[in-house]
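A.B. asks: kindly generate the corresponding structure for this input.
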Amino acid sequence: MRHNASSHRSGSRVFSGGVWEERYGYARAVVAGPWVIVSGCTAAVGGEVKHVGDAYRQSLTAFGVALDAIETAGLSRRDVVRVRYFVVDDRHYDEVGRAHAETFGEVRPACTGVRVAGLIDPRMLVEAELEAYRE
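C.D. replies: Numbering: from 1, shown residues only. Alright, predicted model coming up:
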């Protein structure tokens, strides 16, 4: 499930080349000892918001972007221990939940879903953060 083949690792940081990483001064993920902590990921790929109006497909894309960072850091989906997702509309919870179950169902990480007033781009319906742990 590669969504951004330009992801790369520099020391304890993973960069995906996303426009906001450089503009706002953050890394896609940080490796801290056995932990990989992934910044919020949306359906923005290559500077373009994908799947406008489709919370399910945006969720799959956001989870994929986050998993790309986890994999670039040397871990896998099975190492994900926590997922947080943020939705802009209550009616999207089931679609985001379905995408979460398809992506992480056999892993069963801790998960929190939160409704928010909005995201950085009004076409974005969901944002997700992941944390992974290497035993």
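A.B. asks: which helix or which strand is home to Leu67?
C.D. replies: Assigned by DSSP states H and E, Leu67 belongs to helix 55-72.
A.B. asks: okay, strands next: where are they in this protein?
C.D. replies: Using DSSP state E, the strands of the chain run over residues 8-10, 13-15, 29-32, 35-41, 44-45, 48-49, 80-87, 110-115, 126-133.
A.B. asks: what lines up beside the fifth one in the sheet?
C.D. replies: It stands for strand 44-45. Take DSSP bridges as the rule and strand 44-45 pairs in its sheet with strand 48-49 (antiparallel).
A.B. asks: pLDDT weak spots in the protein?
C.D. replies: 1-10 (pLDDT under 70).
A.B. asks: surely Arg28 is in contact with Glu22?
C.D. replies: No. Using CB atoms under 8 Å, Arg28 is not in contact with Glu22, being 11.0 Å away. Yep, even glycine has a C-beta here, placed from its N, CA and C like the rest.
A.B. asks: higher neighbour count, those two?
C.D. replies: Neighbours per residue, other CB atoms under 10 Å: of Arg28 and Glu22, the larger number sits with Arg28, 27 against 10.
A.B. asks: so how far is Ala69 from that one?
C.D. replies: 5 Å (CB to CB, to the nearest Å).
A.B. asks: what sits in contact with each of the two?
C.D. replies: Ser7, Val14, Ser16, Val38, Cys41 (CB atoms under 8 Å, 6 or more residues apart in numbering).
A.B. asks: out of the strands of the chain, which gets nearest to Ser59?
C.D. replies: Within those, the stretch nearest Ser59 is strand 126-133; the backing value is 5.0 Å (CB to CB).
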